[in-house]
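J.: Need a 3D model of the sequence below.
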Amino acid sequence: MSNMTLNKTSCTLVTVLLLLACAAASAGCTGTNADENGSAAPTSPEATASPGATPAQPSSGGLLGEEEARSLAVAALEREMPGIRIERMVAEPYDVQTYGDVWRFRVKAEDDPDLEGDISVWIDAADGEMVYFLDGRDYYRPADPSVTIEAAEEIANAYLRERKESSDVVKTVAVLSTVDTPLGSRNGPYHFVYQRSIDGVLCLYDGVTLDIDSIDGRVVSYHKAWRVSDNDTTADPDPSITEDAAQERVLAYLNDTYGTDPGEIVIRATELRWYDLAARQRRSQEPVSVPLAWRIEFDDERYRSQDPPRTTTVWIDAHSGEILSAAYDNLRR
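T.: As a prediction, this is how the structure comes out:
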């Protein structure tokens, strides 16, 4: 278990790039008002779109429309946040290119001092599942946590069991984040990352992230990325290339491509993962191939001299030896 502390912004970046949408204000899409009992009453102002996105739109191709998704979003929030009194719910621009077929709603509760609302909920347009929610109402709070990380982990595990998502994931991150409030920096939620496991190998992208409030133990954020489908083809989970051979291949690659002396490289970690980038990026239901890959984390003199010291990674196909991705050149230019 890690004992590091993350800023709330850094914690969000760890999650998945999709979480960037939480900070975006609505571009003026269809809204919803709620009565005192929390039931939604739709309103229909003209929706506008930001560049690269389209306004909220009716269902097509068998996908859920906005109103169906809105009803599911209200039900999800009432389940996740019992007693919530919704003042306004606004649909974010429907942006398939960035987020996939997902309805994203920004919600203002009656007790939220932020006029735009600090609650978000996303609904998958294909199956109606809630794939993300965030209760970001972190304003005035004590400086020290009241809940231990062990207790928060128990809450997180119980939440996953309730959603029947505990058997196929492995915890890889457990840290305490910080939040910036009008009173200064405060301890925020505990941030947990659970990577999806397929045939005993963890995915690079697929998984679940959970944030547990360190003051009252509430689940304040949930995100599920589950893009590898049963129709996709996964490689043999037993690698054809050994760990040592993969490391030698990477050293040769860095020397041939960048002229880096292998003696300058220190390999910090090597692990097998499913390189599920193709599943994450696809824009249709067509099956994709998911390769088994060695993730090799390393540094050199340049990386070690930075403050703080940094590492980078190369991904290599565990069967063919092909270099799938390398971030090394980004910092050497």
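
J.: so where do the strands sit in the stretch 201-333 of the chain?
T.: When assigned using DSSP state E, counting those that start in this stretch, the strands of the stretch 201-333 of the chain occupy the ranges 201-213, 219-225, 233-234, 266-274, 289-290, 292-299, 312-317, 323-326.

J.: now those as CSV including mean neighbour count and distance to residue 151?
T.: In this view, the C-beta of every residue, glycine as well, is placed from N, C-alpha and C. Output for these, formatted as CSV (neighbours: other CB atoms under 10 Å; distance: least, CB to CB, whole Å):
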stretch, mean neighbour count, distance to residue 151
strand 201-213, 23, 9
strand 219-225, 22, 13
strand 233-234, 14, 36
strand 266-274, 16, 29
strand 289-290, 16, 36
strand 292-299, 22, 31
strand 312-317, 21, 33
strand 323-326, 16, 38
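
J.: what's the closest of the ones you listed to residue 114?
T.: Nearest to residue 114, of all the strands of the stretch 201-333 of the chain, is strand 219-225, at 14.7 Å by CB to CB.

J.: and residue 99, which of the strands of the stretch 201-333 of the chain is closest to it?
T.: Smallest distance to residue 99 across the strands of the stretch 201-333 of the chain (CB to CB): 11.1 Å, for strand 219-225.

J.: Tell me the strands beside the closest one, with direction?
T.: Using DSSP bridges, the strands paired with strand 219-225 are strand 130-135 (antiparallel), strand 201-213 (antiparallel).

J.: ok so residue 61 is a helix residue?
T.: No. Looking at residue 61 with DSSP: H, G, I helix; E, B strand; the rest coil, it is coil, so not inside a helix.

J.: got the contact list for it?
T.: By CB atoms under 8 Å, 6 or more residues apart in numbering, the contact list for residue 61 is empty.

J.: any idea how far it lies from residue 205?
T.: 24 Å (CB to CB, to the nearest Å).

J.: Generate JSON lines for the strands paired with strand 219-225, with distance to residue 317 and mean pLDDT as supplementary columns.
T.: Shown next, in JSON lines, are the strands paired with strand 219-225 (distance: least, CB to CB, whole Å; pLDDT from 0 to 100):
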{"stretch": "strand 130-135", "distance to residue 317": "29", "mean pLDDT": "92"}
{"stretch": "strand 201-213", "distance to residue 317": "13", "mean pLDDT": "96"}
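
J.: Which of these sits closest to residue 267?
T.: strand 201-213 (18.5 Å).

J.: so the closest one versus strand 312-317, what angle?
T.: Computed by axes from the mean of the first three to the mean of the last three CA atoms, to 10 degrees, the angle separating strand 201-213 from strand 312-317 equals 140 degrees.

J.: what about strand 201-213, distance to the chain center?
T.: Its chain's average C-alpha position is 7 Å from that of strand 201-213, according to CA atoms, centre = their mean, to the nearest Å.

J.: Counting by contacts, list what the helix or strand hosting residue 171 packs against.
T.: In this structure, residue 171 is located in strand 169-181 according to DSSP states H and E. Contact here means 3 or more CB pairs under 8 Å, 6 or more residues apart in numbering; DSSP states H and E; on that basis strand 169-181 packs against strand 5-7, helix 8-15, helix 149-162, strand 184-198, strand 201-213.

J.: I appreciate the help and will end here.
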